[in-house]
Each structure stands twice: as C-alpha cells, then as structure tokens.
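Student: sequence plus predicted model, see below.
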Amino acid sequence: MRKVLIPGMFLFITLFNVCGQTAELKGTAPKYAGTKLVLKSISNPVTGEYRIVDTLCIDEKGNFKQQILLEKPTWAYINTGLFRIYIYMIPLTGYEISLPPKTEKTQSDIRNPYFKPVLAHLLVLSEYSLSGSGETSSGDDINSRIFRFDTLLFIKNKEMLEARQRNEFLSSDSLISVIENSYKNDTSSYFKQYRKFRYGIIKINGRDTRLKDIYEQYLAEKIPVTGNPAFMDLFNEMYKEFIFYYSRTEEGRGINNIINRTHDITALRNTLLEHPAVPSGEFAELVIIKEIHDLYFKKYFNGDDLLQLLDTIIESPVSEKNAMIARGVKRHLTRLMKGNYPPHFELPDIHGNIITPEDLRGKYVYLNFCTTNNYGCLTEYPFLQVLHRTHKKHLEIVTVIVAEDPAEMKAFMKNNNYTWTALFYNENEKLLWDYDIKAFPTNYLLDPEGKLVLSPAAMATEGFEQQLFRIMRSRGDL
C-alpha cells in the first residue's frame with residue numbers, strides 16, 4: 001500500500017464505550033459541495049472487513065456539521081478519491097476539520113484491482129467539548145500530536161533501514177530514545193500506549209531484539225487491543241507466518257500432526273504457549289486465527305484442516321471476541337468456495353433494473369468481471385456473444401462491468417451489439433473485494449440453484465465451454 005505522510009492531515013477516531021454518546025464533525029469544504037463521505041471502521045482486524053459508522057453529508061455550499069453516535073471504541077476512516085484519511089474521535093468532543101484536496105481517482109485507478117489509496121492524516125483546526133468546557137487549538141490536540149509522532153517515527157525508521165543497507169549499525173534503542181524524549185512531558189495514557197506499539201515496529205526492523213523481548217517491552221497487554229490499528233500492525237509483523245516457522249523448531253515439532261491429523265485446538269494453543277512470546281490462551285488463539293487466515297492460500301497446510309480448527313475456535317473459544325473474529329475469517333475464506341452461494345450484490349442492468357444473484361437462478365450462470373477497455377476483456381467479449389447465442393437455453397451470461405458510469409456500459413453493449421446481461425458495478429469497492437477481483441477478466445460459474453460450481457472458471461477463449469459440458473453431463477443436464 002502506498003503510504004504518504006502529509007503534514008497536517010491526520011485524524012484517528014477512538015470511540016469510548018458509552019452508549020448513546022456522540023461526537024461531532026464540522027467544517028467547510030467547497031470542493032466537496034453536495035457530496036456524501038462514508039465513515040467506515042474496521043470490523044474485523046484480521047480480514048480488514050469494515051462496517052459503516054455514518055455518512056458525512058456536505059451541503060451545496062460545502063458546509064457540514066454532523067453528530068455521530070459512538071457505540072463502542074473504534075478506529076475509522078474516509079475514502080476521498082486517492083486518499084484514505086484516518087480519524088480519531090472521543091465522545092462528547094467536536095472536531096473542526098479540513099478535508100484534503102479533492103483528488104479523484106483516474107479511470108486507470110478505478111479499473112485497477114490492485115489500486116491502494118494513499119494513507120493520510122487529516123488536519124484538525126480545533127477540538128472542542130460538546131459540554132462547553134473549552135477548546136483546544138490545532139497543534140495541541142491528540143490528533144496533531146499523533147501526526148507529528150508518526151512523521152518523526154517514519155523519518156527515523158527510514159534512517160535505520162538505510163543504514164542497514166549500507167551495512168552500518170544504528171541502534172533501535174537509540175532511535176526510540178531520541179523520539180520518546182520529545183514526549184517525556186506528555187501525560188496522555190492513550191498516546192503513550194500508541195507510541196509503545198509503534199516502537200515495536202522499529203525493534204523488528206532493527207533486527208537486534210528477540211521476539212520475546214519485543215513482546216514484553218512493546219506488545220504485552222492483559223487483553224489484546226485488537227481495535228487499535230497500532231497494536232494490530234505490530235501484532236501482524238511479530239507473528240507473520242509464526243506457526244509455519246515455529247512448527248520447524250524442536251518446541252513446535254507437534255504442530256504439523258495437530259493441524260493435519262488430530263485437529264486438537266487445545267493442544268495447538270498449549271504448544272504455542274510454550275513460546276515465550278505467547279503469554280496466554282486468548283493471545284495464542286488470536287495468533288492461530290490470524291495464521292489460519294494468512295496461511296490458508298499458501299498451501300503450507302491443508303485448507304480443510306485449517307477450517308476445521310477455525311470451526312473449533314468458533315464453537316469453543318477462549319474469548320468471545322476471538323470467536324467473532326474467527327467467524328469473519330471463515331466467511332472471508334469460504335465466500336468463494338465451490339458449493340457455497342456467492343457473495344450477494346444488487347446491481348443495475350442497462351435498463352436500470354436491479355439484479356441480484358437470486359434473480360439469476362434456474363440456469364447455469366457464467367459470471368464475469370470486466371471493463372470496457374481491458375485487452376483481455378475485449379478479446380473475450382465476442383466469444384461471450386457466441387456462447388450467449390448458442391447456449392442461452394441453459395446458460396445465462398452476466399458481466400459485471402467496471403466503468404465510469406452506467407451510460408458508458410450501455411453505450412458499449414449497444415455499439416457492439418452484445419445482447420447478454422451486463423451489470424454496472426456501481427462504484428461498489430466491497431463487491432470487488434468480496435469476489436477477490438485481482439485481474440480482469442475474472443470468471444465464476446454458478447449452477448441453477450445459484451451455488452458456485454467453478455471458482456474461478458476458465459475464460460471463454462480458454463476452454464470454458466468444455467468445462468461447462470463436462471459439468472452438465474456429470475449432473476445429468478445433458
């Protein structure tokens with residue numbers, strides 16, 4: 001992911017667990033007049049799934065002032081074209097903010113399934129109490145302090161990595177000491193915790209500290225703080241492919257047998273607890289969930305065995321919070337598995353009719369994701385028309401077209417005399433995420449009941465028709 005530190009542009013939102021309390025966002029942004037910005041928060045720290053917190057409505061003059069209900073502590077962000085801006089809010093607190101320059105994604109960005117937004121900090125002009133107890137000017141508020149810290153951390157971490165490339169030694173402890181000296185008078189417990197998690201990343205990059213010591217100094221918490229992205233960033237770096245490498249040590253030698261044969265989650269937790277950087281059953285369980293997610297498609301272990309372990313965690317977790325995360329991981333890993341119903345969508349066709357997967361049942365469905373100008377897609381389209389004309393009695397072809405607007409899709413289909421079903425993706429980034437679109441074209445085959453049969457399916461130019469015939473014959477449909 002591209003990461004740019006933009007001076008004065010950072011806001012992180014934390015919501016304390018006070019039911020019914022609100023925070024407030026206000027400001028003026030003429031370039032955004034008449035638009036709506038969706039405020040999101042990560043609902044699953046392992047998969048990256050999000051939930052919608054609220055929608056910031058900007059009037060025709062570019063003004064906005066909106067109360068936001070805070071149900072629980074959460075970090076949130078807003079996507080604004082090229083930028084993803086992070087925000088940090090406290091209940092009963094208001095923030096006068098300045099949005100970044102409105103920089104729209106190019107058509108290339110829109111059609112690029114690998115596009116990643118630029119991470120940025122949001123400028124807080126002032127912070128004020130909703131109870132009327134005072135105002136904090138820009139620079140003294142927690143958002144500005146976090147921004148300055150992240151900027152300094154980025155610079156120092158870069159210095160250390162460059163020194164290592166020159167085969168020079170630059171002590172991570174020295175760098176941390178220099179940075180922390182700037183905050184010795186800062187009494188914010190939250191900010192202190194945030195800094196501590198970030199320092200752990202420097203220790204990892206310094207490669208001069210054991211995993212156990214990094215855990216004890218920078219990650220140790222009685223309860224894993226999964227809602228804090230600084231915690232999760234450090235956690236993910238520390239335990240990257242942890243199970244895979246630990247299974248190759250003397251202490252972890254039983255891991256392969258547990259995963260591949262016994263599926264004993266208690267034994268796996270206890271084995272991980274033998275490692276000095278795994279302090280508790282709840283922590284071990286979180287490591288296991290993360291590793292199942294990260295290793296599932298890497299073929300280090302059998303996928304079905306990993307899912308069986310995940311089911312055991314869901315049924316009998318050490319922590320209910322871990323069970324919730326595990327359920328999200330299972331949905332993520334199995335959402336495109338053969339035999340399952342595909343992720344839901346509601347998309348308009350060229351006539352404006354809303355189509356869902358349920359509407360397509362009764363025939364086999366060849367579901368494609370394409371654009372109007374990708375070379376691979378343009379090569380496929382004539383073959384799709386032939387398939388549609390030849391097999392429309394038992395095969396429905398549906399192409400989700402990633403285009404600038406519905407008119408572009410409609411004109412493209414009409415000008416080329418293509419007559420199968422085309423759906424506009426409707427700027428639905430979650431849809432592309434749900435269907436794991438990493439390249440165009442991407443294809444799937446659904447059976448008449450609406451379940452995935454081929455995931456993914458072959459392209460029309462590379463043998464899809466033969467795949468379809470084999471499946472239909474095996475099922476007695478031919």
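Tutor: It's in.
Student: so which helix or strand of this protein has the lowest pLDDT on average?
Tutor: Within the chain, no helix or strand scores below strand 135-137, which has a mean of 65 by mean pLDDT, DSSP states H and E.
Student: show me where pLDDT drops low in this structure?
Tutor: The chain contains residues with pLDDT under 70 at 1-20, 72-73, 107, 110-111, 113, 133-139.
Student: before we move on, back to that, need the next SSE after the least confident helix or strand of the chain, C-terminal direction.
Tutor: Remark: after strand 135-137, the chain's next helix or strand is helix 142-165, criterion DSSP states H and E.
Student: distance from that following helix to the middle of the chain?
Tutor: Here helix 142-165 is found 24 Å from its chain centre; the criterion is CA atoms, centre = their mean, to the nearest Å.
Student: over to stretch 70-79?
Tutor: Once both centres are worked out by CA atoms, centre = their mean, stretch 70-79 turns out to sit 14 Å from its chain's centre.
Student: what comes up buried for that stretch?
Tutor: Leu70, Pro73, Thr74, Trp75, Ala76, Tyr77, Ile78 (16 or more other CB atoms under 10 Å). Heads up, the C-betas are built off the backbone N, CA and C, glycines and all.
Student: closest one of those to Thr209?
Tutor: Trp75 (27.0 Å; CB to CB).
Student: doesn't Lys40 make contact with that closest one?
Tutor: No - contact criterion CB atoms under 8 Å: Trp75 and Lys40 do not qualify, at 9.8 Å.
Student: and Thr390, how far is that from Phe383?
Tutor: Going from Thr390 to Phe383 by CB to CB, to the nearest Å gives 10 Å.
Student: again, but for Lys65
Tutor: 54 Å.
Student: same check on Glu250?
Tutor: 56 Å.
Student: of the two, which one has the most company?
Tutor: Phe383 (15 against 5; other CB atoms under 10 Å).
Student: tell me what the one helix or strand the more buried one maps to is packed against?
Tutor: Per DSSP H and E: Phe383 is located in helix 375-391. Judged by 3 or more CB pairs under 8 Å, 6 or more residues apart in numbering; DSSP states H and E, helix 375-391 is in contact with strand 364-370, strand 395-401, helix 464-474.
Student: now do 10 Å
Tutor: Under the contact definition 3 or more CB pairs under 10 Å, 6 or more residues apart in numbering; DSSP states H and E, helix 375-391 sits against strand 364-370, strand 395-401, strand 442-446, helix 464-474.
Student: most tightly packed of these?
Tutor: strand 364-370 (a mean of 24; mean count of other CB atoms under 10 Å).
Student: how's this structure carved up into domains?
Tutor: Residue ranges for the domains of the chain, per automatic domain parsing: 22-140, 146-238, 242-334, 347-474.
Student: end to end, how far does the longest one reach?
Tutor: By CA to CA, to the nearest Å, the extent of domain 347-474 from end to end equals 32 Å.
Student: what's the answer for stretch 39-56, then?
Tutor: Chord length of stretch 39-56, first to last residue, is 7 Å (CA to CA).
Student: if we can go back for a sec, of the domains of the chain, which is nearest Tyr341?
Tutor: domain 347-474 (5.8 Å).
Student: off-centre distance for the closest one?
Tutor: 25 Å.
Student: cool, and stretch 232-240?
Tutor: Distance of stretch 232-240 from its chain centroid, counting by CA atoms, centre = their mean, is 15 Å.
Student: buried ones in that stretch?
Tutor: So, applying 16+ other CB under 10 Å, buried residues of stretch 232-240: Met232, Leu234, Phe235, Met238, Tyr239.
Student: one more: stretch 160-176?
Tutor: Buried, per 16+ other CB under 10 Å, within stretch 160-176: Met160, Leu170, Ser172, Leu175, Ile176.
Student: how about the residues you listed, which pair is most distant?
Tutor: Across the buried residues of stretch 160-176 (CB to CB), the longest gap, 11.4 Å, separates Leu170 and Ile176.
Student: intersection of neighbour lists for these two?
Tutor: Lys156, Gly206 (CB atoms under 10 Å, 6 or more residues apart in numbering).
Student: which residues touch His275?
Tutor: Leu211, Lys212, Tyr215, Tyr239, Phe242, Tyr246, Thr249, Glu251, Gly252, Ala284, Val287.
Student: so what's the last one closest to, chain neighbours aside?
Tutor: Counting by CB to CB, 6 or more residues apart in numbering, the nearest residue to Val287 once its immediate chain neighbours are dropped is Tyr239, at 5.1 Å.
Student: what of Ser455?
Tutor: Per CB to CB, 6+ apart, closest to Ser455 is Leu336, 4.9 Å.
Student: and the one you found, how many neighbours?
Tutor: For Leu336, using other CB under 10 Å, the count is 16.
Student: and it, its phi and psi?
Tutor: Reported as degrees, to the nearest 10, the phi and psi values for Leu336 are phi -120, psi 20.
Student: quick check: it touching Leu452?
Tutor: Yes - between Leu336 and Leu452 a contact is recorded at 6.6 Å, counting by CB atoms under 10 Å.
Student: distance of Pro382 from Pro357?
Tutor: Look at Pro382 and Pro357: by CB to CB, they are 26 Å apart.
Student: tell me who's in contact with the residue lying closest to Ser316 once chain neighbours are set aside.
Tutor: Leaving out its chain neighbours, the residue that sits closest to Ser316 by CB to CB, 6+ apart is Ile265, at 7.5 Å. Contact partners of Ile265, counting by CB under 10 Å, 6+ apart, are 258-259, 284-285, 288, 308-313, 315-318.
Student: where's Ile265 relative to Phe242, distance?
Tutor: 16 Å.
Student: stretch 104-119: how far from the chain's middle?
Tutor: The answer for stretch 104-119 is 15 Å, by CA atoms, centre = their mean.
Student: cool, and stretch 183-198?
Tutor: 26 Å.
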